[in-house]
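# Structural data only, the sequence is not supplied:
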């Protein structure tokens, strides 16, 4: 793990990069922008690309020998970064479909992986001016104030959140069965369109639990650390340890975790 001085340098750089990316997103938001398609419903906008370029440029200027994994650019390692133990994992616009429709729920997500372990996470909501931050072993904050998961003890009283992968129309493993099962058992289920914010909202108690499948590392790298540092239990659907390279994630306040694992198991019992 980094020293205290290097932790401060990484933290300040990540916040600066997230704000720079957020500024770009605000400049494009609710305006006519170019939209391309990576799939039938999988969008990428000029705002995604512009924000990613600013975030990476900001970080690379200070850390030229670090590695980068970003949603739109993929792996962006240079010759000087070969063998580096530092990898920045970036989603410049988590919530692209929301953004393209001028729906005000999206964020910039920046995680720092050191020797295979997430050491720092920053998620920035540029419209609400909310910065979620966590460093390994130091807790999680929202705009500098310590945050914790909720105290809801039963799924019947819980507000849950989820999302759907872009291949929901093509793949029968599409989360619709889980959505139905949880809707019949929870107080409420939401779908916001931003996995990073969903995890951060579990971290600060706005949601009691979150599940989703087919996630990518940039979706969860920062927010996974923020959630765990805020006291969340984070596993796969079977309750096994989670890492950002897995495709399914269950995050809860811990108190309703076993109930949610049970509900997620119902689909398999029906022959999935």
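Done, it's in. Model, not experiment: these values are computed from the prediction. Numbering: from 1, shown residues only.
# all contacts plus neighbour counts: C-alpha atoms, from now on.
Fine.
# got a list of contacts for the one helix or strand residue 124 maps to?
In this structure, residue 124 sits in strand 117-125 according to DSSP states H and E. Outside strand 117-125, the residues within contact range by Cα atoms under 8 Å, 6 or more residues apart in numbering are 1, 10-11, 14-15, 18-19, 22, 105-113, 130-136, 196-197, 200, 221-223, 225-226.
# so what pLDDT did the residue nearest the centre of the chain get?
Taking Cα atoms, centre = their mean, the centroid of the chain lies closest to residue 196, which sits 2.4 Å from it. Looking at residue 196, its pLDDT is 98.
# contacting residues around it?
Under the contact definition (Cα under 8 Å, 6+ apart), the residues listed for residue 196 are 94, 107, 109, 123, 219-220, 222-223.
# The same query, at a cut-off of 10 Å, please.
When contacts are counted by Cα atoms under 10 Å, 6 or more residues apart in numbering, residue 196 touches 91, 93-95, 106-110, 122-124, 218-224, 226-227.
# Likewise for residue 90?
If you count contacts by Cα under 10 Å, 6+ apart, residue 90 has them with 18, 52, 55-56, 68-74, 108-112, 122, 217-222.
# Mark which of those are buried, thanks.
18, 52, 55-56, 68-72, 108-112, 122, 217-222 (16 or more other Cα atoms under 10 Å).
# Go through the residues you listed and flag which are in strands.
The members of these that map onto strands under DSSP state E are 68-70, 108-112, 122.
# Dump those to JSON lines, plus distance to residue 148 and pLDDT.
Formatted as JSON lines, those follow (distance: Cα to Cα, whole Å; pLDDT from 0 to 100):
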{"residue": "68", "distance to residue 148": "30", "pLDDT": "97"}
{"residue": "69", "distance to residue 148": "29", "pLDDT": "97"}
{"residue": "70", "distance to residue 148": "28", "pLDDT": "95"}
{"residue": "108", "distance to residue 148": "21", "pLDDT": "98"}
{"residue": "109", "distance to residue 148": "20", "pLDDT": "98"}
{"residue": "110", "distance to residue 148": "20", "pLDDT": "98"}
{"residue": "111", "distance to residue 148": "20", "pLDDT": "98"}
{"residue": "112", "distance to residue 148": "22", "pLDDT": "98"}
{"residue": "122", "distance to residue 148": "16", "pLDDT": "98"}
